[in-house]
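Trainee: My questions concern the predicted model and sequence given below.
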Amino acid sequence: MAGKINRQTGNSLYDLLFARYGERRWWPAESPYEVMAGAILTQNTAWTNVEKAIARFEGRLSPQFVLSADAGDLMEIIRPAGFFNRKAGCLKTLTAWYGQYGFAVPSVRAQPVQKIRGELLALRGIGKKTADSILLYAFEFPIFVVDAYTLRLLKRLEDSEEARSYDEAQALFGADLDAALYNNAHALIVENAKTHCRAKPVCEGCPLAGICKTAAKTV
DNA sequence: CGCCAGGGCCATA
DNA sequence: TATGGCCATGGC
């Protein structure tokens, strides 16, 4: 399928996006732990609100701070990100899990990815999207991250009314690639979504117009 | 004003 | 398995 992110055909989804936006290597965070926290905070929440929440840590965002913080204080800090009651608890839960590996990225990376994925999914408040974001952007496991942008893009590409499931989307886009390519692939999809693949399609000038059934109708 | 943003949980059928 | 209600804030 043309949507696959592999680079073999020269006009794959990845190629077309890369030609427009280049290397992104992206997740707006200062550290792997901040990636984890951001993955929780951004659930169904605009990233601008996540930035406000992270700023309210005033540089103290660390596993030790989150674990020792009073639950009420933590909720107040992350309030701008919304769903603060649930997210505060999830932050603590995720951080406690990380503590089992000594808060050390290499210790997590030494484990089988499916073991870590299963452990993350077992935590309350962490589903597939959050887990895969953490796996890829905090620990650099080779995983294709499916999010709302990805599912919407897939609907556009197929000109479909109903969204694919998470697993379907992951299988359709995924290939056996390295973490750096998955990293950039998701970043490119998000970047393109900012201007072209909005709630109301803006297909003029979209680099994917040539492989997109929705664009074929509207352009 | 209403809509919705880089979800996930839970109850219900 | 598949919907629907719910959680909460801030930008537009």
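Mentor: Received the coordinates, thanks.

Trainee: can you tell me if stretch A:171-185 touches DNA strand C.
Mentor: No: Stretch A:171-185 stays clear of DNA strand C (CB under 7 Å from any atom of the strand), getting no nearer than 14.6 Å. Every C-beta, even on glycine, is put in place using the N, C-alpha and C of the backbone.

Trainee: distance between the ends of that stretch?
Mentor: Start and end residues of stretch A:171-185 are separated by 14 Å (CA to CA, to the nearest Å).

Trainee: likewise stretch A:97-111?
Mentor: 14 Å.

Trainee: ok, that stretch near DNA strand B or not?
Mentor: No: Stretch A:97-111 does not reach DNA strand B (CB under 7 Å from any atom of the strand); its nearest approach is 13.0 Å.

Trainee: List the buried residues for that stretch?
Mentor: Along stretch A:97-111, these residues count as buried under the neighbour rule (16 or more other CB atoms under 10 Å): A:97-98, A:101, A:103, A:105, A:108.

Trainee: wait, residue A:177 sits on residue A:141?
Mentor: No: contact criterion CB atoms under 8 Å: residue A:177 and residue A:141 do not qualify, at 11.8 Å.

Trainee: okay, those two: which has more neighbours?
Mentor: residue A:141 (20 against 15; other CB atoms under 10 Å).

Trainee: Show me the helices in chain A, by range?
Mentor: A:13-21, A:32-41, A:47-55, A:63-68, A:71-78, A:84-99, A:105-109, A:113-121, A:128-133, A:148-158, A:166-173, A:179-195, A:213-218 (DSSP state H).

Trainee: Go through those helices and pick out the most buried.
Mentor: helix A:32-41 (a mean of 23; mean count of other CB atoms under 10 Å).

Trainee: ok, and what's touching it?
Mentor: A:27-29, A:49-50, A:53-54, A:61-63, A:66, A:78, A:81, A:87, A:90-91, A:94-95, A:98, A:103, A:105, A:125-126, A:130, A:133-134, A:137-139 (CB atoms under 8 Å, 6 or more residues apart in numbering).

Trainee: just to revisit the earlier point, turn the helices of chain A into a markdown table, columns for mean pLDDT.
Mentor: Putting the helices of chain A into a markdown table (pLDDT from 0 to 100) gives the following:
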| stretch | mean pLDDT |
| --- | --- |
| helix A:13-21 | 93 |
| helix A:32-41 | 98 |
| helix A:47-55 | 98 |
| helix A:63-68 | 98 |
| helix A:71-78 | 98 |
| helix A:84-99 | 98 |
| helix A:105-109 | 98 |
| helix A:113-121 | 98 |
| helix A:128-133 | 98 |
| helix A:148-158 | 93 |
| helix A:166-173 | 92 |
| helix A:179-195 | 93 |
| helix A:213-218 | 88 |
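
Trainee: do you know how far the closest residue to residue A:212 other than its chain neighbours is from residue A:12?
Mentor: Nearest residue to residue A:212 in three dimensions, chain neighbours excluded: residue A:157, at 5.2 Å (CB to CB, 6 or more residues apart in numbering). Distance from residue A:157 to residue A:12, counting by CB to CB, to the nearest Å: 12 Å.
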